[in-house]
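Enquirer: Show me how the following folds:
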Amino acid sequence: MSNEVYHMDCMDFMQSIPDKYFDLAIVDPPYGIQRSRIGYRKLWKYYKPKDWDDAPPDKKYFDELFRISKNQVIFGGNYFAPYLSPSMGWIVWDKGQKLTMSDGELAYTSFHKALRIVTVHRTKICKFGGYIHPTQKPVELYLWILNNYAKPGQKILDTHIGSGSSRIAAYSLGLDFWGCEKDKEYFELQEKRFLEQCHTKLNF
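Expert: Purely as a prediction, here's the structure:
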């Protein structure tokens, strides 16, 4: 089983990959809405604000993503509508409780499936290794996505690995996984989290 994450810009990585190499890309790219600065006073005891979310990816990113992957799940797809084909198979992540931030998030999928709503409490984000990234998502959310949209033996890609939740989920299901993270601090934090969580017994 492969489980590889590279400290590099995802565009450089994708340009080195053959067409349709990955079976499924699950990505959470910057939305361009400065998510890293939302809730500053309450949340920055965990991490420092950065400028990584000031600008969303452009058409070149999506062209490469679609070139190297057969199917895609794209968090924040509502922010990238000009680059996406029509789809009925959206995912609604219901965060399960009233929050000062949004009650849920949308994820675009390229699958011809019915819209699905999955409830995973946002409080579960810190279950495996605590908070290490401003837009960290629960491992359980990625487990649900992989169980419903991936098959055994498939190759999974995450171009913006961030906290590494997708990596942990793929590892726990025995799926081959590749990811990128260009921020050195987050790359090192997710590496530490992965080693701590996946070299001990995972209880999902």
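
Enquirer: switch to C-alpha atoms for all contacts and neighbour counts from now on
Expert: Will do.

Enquirer: Break down this structure into its helices, ranges please.
Expert: Here the chain has its helices, by DSSP state H, at 10-14, 40-43, 59-68, 139-149, 165-172, 184-198.

Enquirer: Roughly how far does Ser110 sit from Gly130?
Expert: Distance of Ser110 to Gly130, computed by CA to CA, to the nearest Å: 31 Å.

Enquirer: So the two - more neighbours on which side?
Expert: For the pair Ser110 and Gly130, the greater number of neighbours falls to Ser110 (19 against 13), based on other CA atoms under 10 Å.

Enquirer: My understanding was that the more buried one contacts Ser87; is that so?
Expert: Yes. With contact defined as CA atoms under 8 Å, Ser110 and Ser87 form a contacting pair (6.3 Å).

Enquirer: just for this protein, where's the confidence low?
Expert: When the per-residue scores of the chain are filtered using pLDDT under 70, the ranges that remain are 33-54, 98-101, 126, 128-129, 200-204.

Enquirer: can you rerun that using 80?
Expert: 33-55, 97-101, 122-132, 199-204 (pLDDT under 80).

Enquirer: All the strands of it, residue numbers only.
Expert: 3-6, 22-27, 69-75, 91-94, 104-109, 116-119, 155-158, 176-180 (DSSP state E).

Enquirer: Let me know which of the ones you listed is tucked in deepest.
Expert: Of the strands of the chain, the one with the most neighbours on average (mean count of other CA atoms under 10 Å) is strand 155-158, at a mean of 25.

Enquirer: hey, C-alpha coordinates of it in PDB?
Expert: What follows is the C-alpha trace of strand 155-158 in PDB, where atoms were taken according to Å, rounded to 0.1, in the frame of the first residue of the first chain:
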ATOM      1  CA  LYS A 155      -5.600   5.400  -6.000                       C
ATOM      2  CA  ILE A 156      -6.600   8.500  -4.100                       C
ATOM      3  CA  LEU A 157      -5.200  12.000  -4.400                       C
ATOM      4  CA  ASP A 158      -5.500  15.100  -2.200                       C
END
